[in-house]
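# Whatever this is, show me its structure:
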Amino acid sequence: MKHYFLRLTTLIALFYFITIKSACTQAQSINIDGVWEGIMTHETDGYTQTWQLVLTFEQKGSRVRGTTKIIADDRYGVFALTGSAINNQVSTIEGQIVDQKVPNGWNWCMARKMQLIIASQNKLEGSWTSQTSGCSRGKITAYRTSEPAPPITKIEENPSVIESVISGQIFDKQTRKSVKATLSIIGDKSPMQTIPTRNDGKYSYNAPISDISDISITEDGYEPLRESINIDRSALTKNFFLIPKPASVETNIEPKRNEPVILKNVLFKLSTATLLPQSFPELDRLASLMQNKPTMKIRLEGHTDRIGDAASNLKLSQDRVGEVKRYLIQKGILDTRIMTKGYGDTRTICSPPCEANRRVEFVVTEQ
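As a prediction, the model looks like this:
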């Protein structure tokens, strides 16, 4: 009888051990590492706004950290977040602002608390609340767009030689369909690269860790897109969304005298006068127009956004139109037919910060 109770006690203890271990394993088996993209709504005073949402999670056990990126038209904000993921429930709270692009006076909903449910392996849905004045609550739906990157187990003495793989896909912002496009990439520690995407809009390139990639994306029928990526890990996934051009927007090939014409797609490396390759087709069309009209003379006018020092912006605008002039001269246009004028940030056409303020125009001074 004594041995019987000993065996029974052992079996009961083993049963509870297995049950508890199974429960702990189940609680820790959920992994939401990676990038999730979707939408966030803001519901207040009977009105609902919808924003683009990008969630990035790093999970260790049940602990979660990462960022929330909210995109509203030409504005965006990136917030640090911390929380937990247990079974199929994710709870997080946002902290400080990591990065943002907003007009003066813009206020975000701060300290958002998110309660999410893992609806499936690649879908999150739930809600958020905030105590910030003017904020209330909203709903969240997001889909996994990338799996977690493998951890870096060893850092060499010279980290610049460690390369990261950056990949992603290009989409039409309105239809969410993939777009075949061309990326021009310039890094602080790497040479310029021109990369065409695959037919499904997917791309991939390598760059040193701790580098910053200045990426410009162009495709016929879409507005050019320009963003910078801070490369801080061994693998990054970044998707881009292109805005279709209005059907009525076309290059003016018969400009009138003294009327400014914006040169579309004339882009420069960030904060420099270095022309990016996607600028060449537009400048080639201008050179061809001047070759077909040998008596035409023009004035190139440079403009910047109203960000930073005014004197620096003025010099930058002068340097950029000077670079455009040099390009046209290389195409056979006489120096005497081209004047240049830099206006810096004195002639903005939209409220700063605004991409459209950074532009080069030409004015026909003589037909």
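
# May I have the phi/psi pair for the closest residue to G344 other than its chain neighbours?
Among residues not flanking G344 along the chain, L314 sits closest, at 3.4 Å (C-beta to C-beta, 6 or more residues apart in numbering). Every residue, glycine included, has its C-beta placed from N, CA and C. According to degrees, to the nearest 10, the main-chain angles of L314 amount to phi -60, psi -50.

# Please identify which helix or strand holds the residue nearest to the spatial centre of the chain.
By C-alpha atoms, centre = their mean, the chain has its centre lying nearest to E227, at 5.2 Å. Taking DSSP states H and E as the criterion, E227 maps to strand 225-230.

# Show me which parts of the helix or strand containing S288 are buried, residue by residue.
Applying DSSP H and E as the criterion places S288 in helix 280-292. Of the residues in helix 280-292, E282, L283, L286, A287, L289, M290 count as buried by neighbour count, 16 or more other C-beta atoms under 10 Å.

# Tabulate those residues in TSV, adding columns for distance to R320.
Formatted as TSV, the buried residues of helix 280-292 follow (distance: C-beta to C-beta, whole Å):
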residue	distance to R320
E282	14
L283	12
L286	15
A287	17
L289	20
M290	19
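
# Looking at the residues you listed, spot the one nearest I329.
Of all these, I329 sits closest to A287, with 9.4 Å by C-beta to C-beta.

# can you map out the strands along the stretch 251-367 of the chain?
Listed in chain order, the strands of the stretch 251-367 of the chain (DSSP state E, counting those that start in this stretch) span 261-262, 297-303, 338-342, 359-366.

# Quick one: residues contacting Q59.
Q59 is in contact with N31, I32, D33, A85, counting by C-beta atoms under 8 Å, 6 or more residues apart in numbering.

# what's the spacing between the first one and V266?
The reference is to N31. Separation of N31 from V266 (C-beta to C-beta, to the nearest Å) stands at 46 Å.

# ok so, going back, what's the closest of the contacts of Q59 to R359?
Closest to R359, out of all of these and judged by C-beta to C-beta, is D33, at 41.2 Å.

# now that closest one: how far from V266?
41 Å.

# circling back: neighbour count, distance to K341 and pLDDT added to the contacts of Q59, as CSV?
Output for the contacts of Q59, formatted as CSV (neighbours: other C-beta atoms under 10 Å; distance: C-beta to C-beta, whole Å; pLDDT from 0 to 100):
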residue, neighbour count, distance to K341, pLDDT
N31, 16, 58, 81
I32, 19, 54, 84
D33, 17, 52, 83
A85, 23, 57, 84
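
# Nearest to T336 among those residues?
Distances from T336 to those, taken by C-beta to C-beta, are shortest for D33, at 61.8 Å.

# Help me confirm that the closest one comes into contact with F57.
Yes - with contacts counted by C-beta atoms under 8 Å, D33 reaches F57, the gap being 5.8 Å.

# okay, and the common contacts of the two?
Common neighbours of D33 and F57 (C-beta under 8 Å, 6+ apart) do not exist.

# any chance of the contacts of Q59 in TSV, plus secondary structure and distance to R347?
Shown next, in TSV, are the contacts of Q59 (DSSP: H, G, I helix; E, B strand; the rest coil; distance: C-beta to C-beta, whole Å):
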residue	secondary structure	distance to R347
N31	coil	52
I32	coil	48
D33	coil	47
A85	strand	51
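
# Enumerate every residue touching R63.
Residues near R63 by C-beta under 8 Å, 6+ apart: T82, G83, S84.

# what sits against the residue nearest to K331 when sequence neighbours are not counted?
Spatial nearest neighbour of K331, chain neighbours left out: A287 (3.9 Å); criterion: C-beta to C-beta, 6+ apart. Each residue near A287 by C-beta under 8 Å, 6+ apart is listed here: L328, K331, G332, I333.

# Of these, which is the most crowded?
Within those, most neighbours by other C-beta atoms under 10 Å means L328, with 21 neighbours.

# Tell me the confidence at that residue?
The predicted structure scores L328 at 94 on the pLDDT scale.

# is it true that it touches Q291?
No - in this structure L328 lies outside contact range of Q291 using C-beta under 8 Å: 10.1 Å.

# on that earlier part again, what pairs with the strand holding E227, and is each one parallel or antiparallel?
Paired neighbours of strand 225-230 in the sheet (DSSP bridges): strand 212-218 (antiparallel).

# quick one: the partner strand to chain centroid distance?
Centre-to-centre, strand 212-218 and its host chain are 9 Å apart (C-alpha atoms, centre = their mean, to the nearest Å).

# what angle do it and helix 280-292 make?
If you take axes from the mean of the first three to the mean of the last three C-alpha atoms, to 10 degrees, strand 212-218 sits at 50 degrees to helix 280-292.

# outside of strand 212-218, which residues touch it?
Strand 212-218 has contacts (C-beta under 8 Å, 6+ apart) with 166, 170, 181-188, 190, 207, 224-231, 240, 242, 265, 267, 269-270, 276, 278.
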